[in-house]
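> Sequence and predicted structure are below.
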Amino acid sequence: QVQLVESGGGSVQAGGSLRLSCAASGYDYNYYCMAWFRQAPGKEREGFATIDNDGSTTTYGDSVKGRFTISRDNAKRTLDLQMTSLKPEDTAMYFCATLRFCRRWDFGYWGQGTQVTVSS
């Protein structure tokens, strides 16, 4: 049974930083490309970062490029997201997800999410 558990969310002021983590279990983690996406109330889901199964390639959406960094530790079965220079518009629920196809916003499984709130 696939399980993804996000953690690390919280409240921060604009310009601050947060680090999110995702613990994966129940499947062959090393095989799958992974991603982070977010969803704010009343807005569509936004995929913004992907990473290949071996961590060799990452992609970012324009809204987070240069501010967020996705990484993974296959030995620990974890996926991380370092967020810097946070803006109020980054406020959302953040989810980690498996990808059916690498570098495409085609999510397979995802967790319950962790809330990030950025105040101005």
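Cool, got the structure.
> Quickly find the element holding the residue nearest the centre of the chain.
Centre of the chain computed as the mean C-alpha position; nearest residue by C-alpha atoms, centre = their mean is residue 36, 2.6 Å away. Assigned by DSSP states H and E, residue 36 falls within strand 34-39.
> now for that strand, which elements pack on it?
Applying 3 or more C-beta pairs under 8 Å, 6 or more residues apart in numbering; DSSP states H and E, one finds that strand 34-39 contacts strand 18-25, strand 46-51, strand 68-73, strand 78-83, strand 92-99, strand 107-110. Every C-beta, even on glycine, is put in place using the N, C-alpha and C of the backbone.
> on that earlier part again, does the residue nearest to the centre of the chain have any beta-bridge partners, and if so which?
Going by DSSP bridges, residue 36 is paired in beta bridges with residue 49, residue 96.
> Can you give me every residue that contacts it?
With contacts defined as C-beta atoms under 8 Å, 6 or more residues apart in numbering, the neighbours of residue 36 are 20, 22, 47-49, 68, 70, 79, 81, 94-97.
> one step back: so which of the helices and strands packed on strand 34-39 gets nearest residue 2?
strand 107-110 (4.4 Å; C-beta to C-beta).
> just checking, residue 77 touches residue 24?
Yes - counting by C-beta atoms under 8 Å, residue 77 sits close enough to residue 24 to count as a contact (4.8 Å).
> Compare the two and say which one has the larger neighbour count.
Legend: neighbour count by other C-beta atoms under 10 Å for residue 77 and residue 24, higher for residue 24 (23 against 16).
> what's across from the more buried one in the sheet?
Applying DSSP bridges, one finds that residue 24 bridges with residue 4.
> Which residues are in contact with it?
Contacts of residue 24 by C-beta under 8 Å, 6+ apart are 2, 3, 4, 34, 77, 78, 79, 96.
> which one of the residues you listed has the most neighbours?
In the contacts of residue 24, the most neighbours by other C-beta under 10 Å go to residue 96, 30 neighbours.
> how close does that residue sit to residue 42?
22 Å (C-beta to C-beta, to the nearest Å).
> Residue 103 too?
28 Å.
> What's the end-to-end length of stretch 65-77?
24 Å (C-alpha to C-alpha, to the nearest Å).
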